[in-house]
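>>> Return atomic coordinates for the entry below.
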Amino acid sequence: MSLALAFPNIDPVIVSFGPVAIRWYALAYVIGLVLGWRYIRHLAKGAVPGLDKRSADDFLVWCTLGVIIGGRLGYVIFYQPGYFIDHPGQIPVVWQGGMSFHGGMLGVIGALFLFARLRKINPLSVADAAACAVPIGLFFGRVANFINGELYGRASDVSWAMVFPGGGPEPRHPSQLYEAFLEGLLLFAILTALTYILRAGRRPGLLTGVFLIGYGLSRIVVELFREPDAFLGTFGGISMGQILSLPMVLLGLYLALRTRPWRRLPAGG
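Okay, here's the model as predicted:
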């Protein structure tokens, strides 16, 4: 019989005041958005040309709406359409969980293109700045998933497997932490290195392409260790997360290759 690490049973509610409760899940979104906004302001100092600090401040509102509306609608449409058709009143109840990264990404893409059009800014420059900041939010979001004991991994006998409160008696991969590392810490480090060492921000679309490739591949790999959603299952052994991530990788390859990063920057650029 394999040993399992004890799951740190943390209350998902940080503090409550009567019917009002502050949850780790909501706090993760707030921290991710605020730190992401601050980082975009830092990038606007010159690391990503075409974006200034004032635009970065205004974009926070657009980005927040894109994340919340897109993330929730993505979950409703991609994962549980039947349930929400029968219970439409549950669609706005985002504080109880149920957000899709892929839906949030589509929401942010729509928001940034509208924002860039109104401000007459290159949308790829806005996308590059956003792509550099997104791993911050992903990291905190996945840690919140871990605290909530949700989106856990498949049953395993690895020495670091955990018994999750809602996952039955079997030890499981802490796949939320795998995602926090790959989609959050590692991807942030790669994009930061490209931005400040290779000056990739001067090639609009390159950072966005690298983000899409990095996230898509990370998600495809981690889905091999993550328990499929019980209400959805897999499609011939392929999960919904993998299906939605493949187009991201292909679009990322297109954006990265079209910038031709192997060519030297022009003199003075």
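>>> and R226, what are its phi and psi?
Phi and psi for R226, reported as degrees, to the nearest 10, are phi -90, psi 140.
>>> That should have said P171, apologies.
Dihedral angles of P171 (phi, psi; degrees, to the nearest 10) stand at phi -70, psi 140.
>>> I'd assumed R154 was in contact with it.
No. Counting by Cβ atoms under 8 Å, R154 is not a contact partner of P171; they are 10.3 Å apart. For the C-beta atoms, the positions are set from N, CA and C on the backbone; glycine is no exception.
>>> what about the two, which has more around it?
P171 (24 against 16; other Cβ atoms under 10 Å).
>>> Who are the contact partners of that one?
By Cβ atoms under 8 Å, 6 or more residues apart in numbering, the contact set of P171 is S2, A4, L5, A155, S156, D157, V158, A161, M162, V163.
>>> Give me the distance between the fifth one and I10.
In this structure, S156 and I10 are separated by 22 Å, where distance is defined by Cβ to Cβ, to the nearest Å.
>>> pLDDT (mean, whole number) over stretch 213-230?
What stretch 213-230 shows for mean pLDDT is 92.
>>> what's the neighbour count on L106?
As a burial measure, L106 scores 18 neighbours (other Cβ under 10 Å).
>>> swap in the one 4 residues further on?
Applying other Cβ under 10 Å, we find 15 other residues in the vicinity of G110.
>>> again, but for G241
G241: 24 surrounding residues under other Cβ under 10 Å.
>>> Now it: which helix or strand?
Using DSSP states H and E, G241 maps to helix 240-258.
>>> So for that helix, what gets flagged as buried?
By 16 or more other Cβ atoms under 10 Å, the buried positions in helix 240-258 come out as M240, G241, Q242, L244, S245, M248, V249, G252, L255, A256.
>>> what's the spacing between stretch 239-257 and its chain's center?
14 Å (Cα atoms, centre = their mean, to the nearest Å).
>>> brain fart, stretch 132-145
With Cα atoms, centre = their mean as the basis, stretch 132-145 stands 6 Å off its chain's centre.
>>> likewise stretch 8-19?
The chain centre lies 24 Å from the centre of stretch 8-19; the measure is Cα atoms, centre = their mean.
>>> State the mean pLDDT of it.
Per-residue scores along stretch 8-19 average to 79.
>>> List the buried residues in it.
If you call a residue buried by 16+ other Cβ under 10 Å, then stretch 8-19 has no buried ones at all.
>>> Now do the end-to-end distance for it.
25 Å (Cα to Cα, to the nearest Å).
>>> Skipping its backbone neighbours, what lies nearest F225 in space?
H173 (4.4 Å; Cβ to Cβ, 6 or more residues apart in numbering).
>>> Was I right to think that neighbour contacts E223?
No. H173 is not in contact with E223 according to Cβ under 8 Å; the separation is 11.2 Å.
>>> mind listing what's buried in stretch 166-181?
Buried-residue list, stretch 166-181, by 16+ other Cβ under 10 Å: G167, P171, R172, H173, P174, S175, Q176, L177, Y178, E179, A180.
>>> In the sheet, which strands lie alongside the worst-scoring helix or strand of the chain on mean pLDDT, parallel or antiparallel?
Lowest by mean pLDDT, DSSP states H and E among the helices and strands of the chain is strand 20-23, with a mean of 76. Sheet partners assigned to strand 20-23 using DSSP bridges are listed as strand 13-17 (antiparallel).
>>> Helix, strand or coil: sort out the nearest residue to L207 once chain neighbours are set aside for me.
Excluding the flanking residues, the one nearest L207 by Cβ to Cβ, 6+ apart is D128, at 4.0 Å. Secondary structure, DSSP: H, G, I helix; E, B strand; the rest coil: D128 is helix.
>>> Next up, the contacts around D128.
Contacts for D128 (Cβ under 8 Å, 6+ apart) come out as V48, A200, G201, P204, G205, L206, L207, T208.
>>> Report how many residues lie close to the fifth one.
The number of residues packed around G205, counting by other Cβ under 10 Å, is 22.
>>> thought it was touching Y254?
No. Applying Cβ under 8 Å, one finds G205 not in contact with Y254, separated by 9.0 Å.
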